[in-house]
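# with the sequence up front, the predicted model follows.
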Amino acid sequence: MADCIFCKIASKEIPSTVVFEDEQVIAFKDLEPQAPVHVLVIPKKHVESVAALKAEDKELAAHILVDVIPQLARELGVAESGFRVVANTGDEGGQTVKHLHFHLLGGRSLQWPPG
(Lines give C-alpha, C1' and ligand atoms only; values in the text may rest on other atoms or scores of the structure.)
Protein backbone atom coordinates (compact mmCIF):
# COMPACT_ATOMS: atom_id res chain seq x y z
CA MET A 1 0.00 0.00 0.00
CA ALA A 2 1.44 3.33 -1.09
CA ASP A 3 0.48 5.28 2.05
CA CYS A 4 1.33 2.63 4.67
CA ILE A 5 4.17 3.74 6.94
CA PHE A 6 5.19 0.15 7.75
CA CYS A 7 5.28 -0.77 4.05
CA LYS A 8 7.59 2.21 3.57
CA ILE A 9 9.81 1.01 6.44
CA ALA A 10 9.86 -2.51 4.98
CA SER A 11 10.90 -1.15 1.58
CA LYS A 12 13.51 1.15 3.20
CA GLU A 13 11.80 4.34 2.01
CA ILE A 14 11.68 5.39 5.67
CA PRO A 15 14.73 4.67 7.83
CA SER A 16 14.49 2.58 10.99
CA THR A 17 16.82 0.83 13.40
CA VAL A 18 16.57 -2.70 12.05
CA VAL A 19 17.33 -5.55 14.46
CA PHE A 20 16.30 -8.42 12.15
CA GLU A 21 15.46 -8.90 8.51
CA ASP A 22 14.86 -11.78 6.13
CA GLU A 23 12.89 -12.17 2.91
CA GLN A 24 9.49 -12.13 4.66
CA VAL A 25 9.91 -10.08 7.81
CA ILE A 26 11.60 -6.99 9.19
CA ALA A 27 11.94 -6.07 12.88
CA PHE A 28 12.96 -2.65 14.14
CA LYS A 29 13.13 -0.62 17.33
CA ASP A 30 9.95 1.21 18.32
CA LEU A 31 10.30 5.00 18.19
CA GLU A 32 8.39 5.35 21.47
CA PRO A 33 9.56 2.37 23.53
CA GLN A 34 7.38 1.24 26.42
CA ALA A 35 10.07 -1.06 27.85
CA PRO A 36 13.87 -1.33 27.67
CA VAL A 37 13.36 -3.83 24.83
CA HIS A 38 10.59 -2.80 22.45
CA VAL A 39 10.76 -3.87 18.84
CA LEU A 40 8.12 -4.19 16.16
CA VAL A 41 8.04 -7.30 14.01
CA ILE A 42 6.19 -6.86 10.72
CA PRO A 43 5.66 -8.88 7.58
CA LYS A 44 7.02 -7.22 4.45
CA LYS A 45 3.77 -8.22 2.75
CA HIS A 46 0.96 -5.83 3.60
CA VAL A 47 -1.60 -7.53 5.84
CA GLU A 48 -3.87 -5.15 7.71
CA SER A 49 -4.19 -7.02 11.02
CA VAL A 50 -4.46 -10.39 12.74
CA ALA A 51 -8.12 -10.40 11.68
CA ALA A 52 -7.09 -9.97 8.04
CA LEU A 53 -4.78 -13.00 7.95
CA LYS A 54 -5.84 -15.58 5.37
CA ALA A 55 -5.10 -19.28 4.94
CA GLU A 56 -2.31 -18.34 2.53
CA ASP A 57 -0.62 -16.42 5.38
CA LYS A 58 -0.27 -19.40 7.74
CA GLU A 59 3.39 -19.98 6.95
CA LEU A 60 4.16 -16.27 7.35
CA ALA A 61 2.39 -16.08 10.72
CA ALA A 62 4.10 -19.26 11.90
CA HIS A 63 7.48 -17.94 10.77
CA ILE A 64 6.97 -14.76 12.81
CA LEU A 65 5.74 -16.55 15.94
CA VAL A 66 7.84 -19.72 15.84
CA ASP A 67 11.11 -18.52 14.30
CA VAL A 68 11.54 -14.75 14.43
CA ILE A 69 10.14 -13.67 17.80
CA PRO A 70 11.85 -16.41 19.86
CA GLN A 71 15.16 -15.73 18.07
CA LEU A 72 14.85 -11.99 18.73
CA ALA A 73 13.97 -12.59 22.38
CA ARG A 74 17.17 -14.63 22.76
CA GLU A 75 19.30 -12.10 20.86
CA LEU A 76 17.87 -9.16 22.80
CA GLY A 77 18.42 -10.88 26.16
CA VAL A 78 14.83 -11.29 27.32
CA ALA A 79 14.13 -14.96 26.53
CA GLU A 80 15.13 -16.17 30.00
CA SER A 81 13.59 -13.36 32.08
CA GLY A 82 10.38 -13.17 30.06
CA PHE A 83 8.77 -10.95 27.48
CA ARG A 84 5.40 -9.97 26.08
CA VAL A 85 4.14 -10.18 22.50
CA VAL A 86 1.22 -7.91 21.59
CA ALA A 87 -0.72 -7.61 18.34
CA ASN A 88 -3.28 -4.84 18.63
CA THR A 89 -6.17 -5.38 16.22
CA GLY A 90 -8.76 -2.82 15.19
CA ASP A 91 -9.59 0.57 16.65
CA GLU A 92 -10.82 -0.66 20.03
CA GLY A 93 -7.86 -3.02 20.23
CA GLY A 94 -5.54 -0.02 20.01
CA GLN A 95 -4.21 -0.61 16.49
CA THR A 96 -2.86 2.71 15.23
CA VAL A 97 -1.07 1.50 12.09
CA LYS A 98 -3.19 -0.68 9.80
CA HIS A 99 -0.37 -3.10 9.00
CA LEU A 100 0.03 -6.31 10.98
CA HIS A 101 2.71 -5.85 13.61
CA PHE A 102 3.80 -7.59 16.75
CA HIS A 103 5.28 -5.67 19.67
CA LEU A 104 8.04 -7.58 21.45
CA LEU A 105 8.49 -6.03 24.89
CA GLY A 106 10.83 -6.98 27.71
CA GLY A 107 13.63 -5.93 30.00
CA ARG A 108 11.37 -5.00 32.92
CA SER A 109 8.45 -6.44 34.82
CA LEU A 110 5.36 -6.12 32.68
CA GLN A 111 2.24 -5.75 34.80
CA TRP A 112 -1.29 -6.95 34.15
CA PRO A 113 -3.73 -5.68 33.08
CA PRO A 114 -1.78 -3.79 30.42
CA GLY A 115 -4.21 -0.88 30.19
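Looks like it came in fine. Residues are numbered from 1 along each chain as shown.
# excluding chain neighbours, what is closest to residue 4?
Distance criterion C-beta to C-beta, 6 or more residues apart in numbering; nearest residue to residue 4, sequence neighbours excluded, is residue 99 at 5.3 Å. In this view, the C-beta of every residue, glycine as well, is placed from N, C-alpha and C.
# right, and that neighbour touches residue 42 too?
Yes - counting by C-beta atoms under 8 Å, residue 99 touches residue 42, with 6.2 Å between them.
# mutual contacts of the two, please.
Common neighbours of residue 99 and residue 42 are listed as residue 6 (criterion: C-beta atoms under 8 Å, 6 or more residues apart in numbering).
# how close does the residue nearest to residue 4 sit to residue 89?
12 Å (C-beta to C-beta, to the nearest Å).
# neighbour count: the two, which is higher?
Neighbour totals were compared for residue 99 and residue 89, and residue 99 leads with 22 against 15 (other C-beta atoms under 10 Å).
# quick check, pLDDT for that one.
We have a pLDDT of 98 for residue 99.
# for it, give me its contacts.
Here residue 99 is in contact with 1, 4, 5, 6, 7, 42, 46, 47, 48 (criterion: C-beta under 8 Å, 6+ apart).
# among those residues, which are located in strands?
Members of these lying in strands (criterion: DSSP state E): residue 42.
# where's the dip in pLDDT among the contacts of residue 99?
residue 1 (69).
# so what's the residue count around residue 111?
Neighbours around residue 111, by other C-beta under 10 Å: 7.
# check the gap between it and residue 79 for me.
20 Å.
# what segments of the protein are helices?
5-10, 58-62, 69-75 (DSSP state H).
# so can I have CSV of these showing distance to residue 34?
Shown next, in CSV, are these (distance: least, C-beta to C-beta, whole Å):
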stretch, distance to residue 34
helix 5-10, 18
helix 58-62, 23
helix 69-75, 16
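# nearest to residue 94, of the ones you listed?
Checking the helices of the chain against residue 94 by C-beta to C-beta gives helix 5-10 as the closest, at 15.6 Å.
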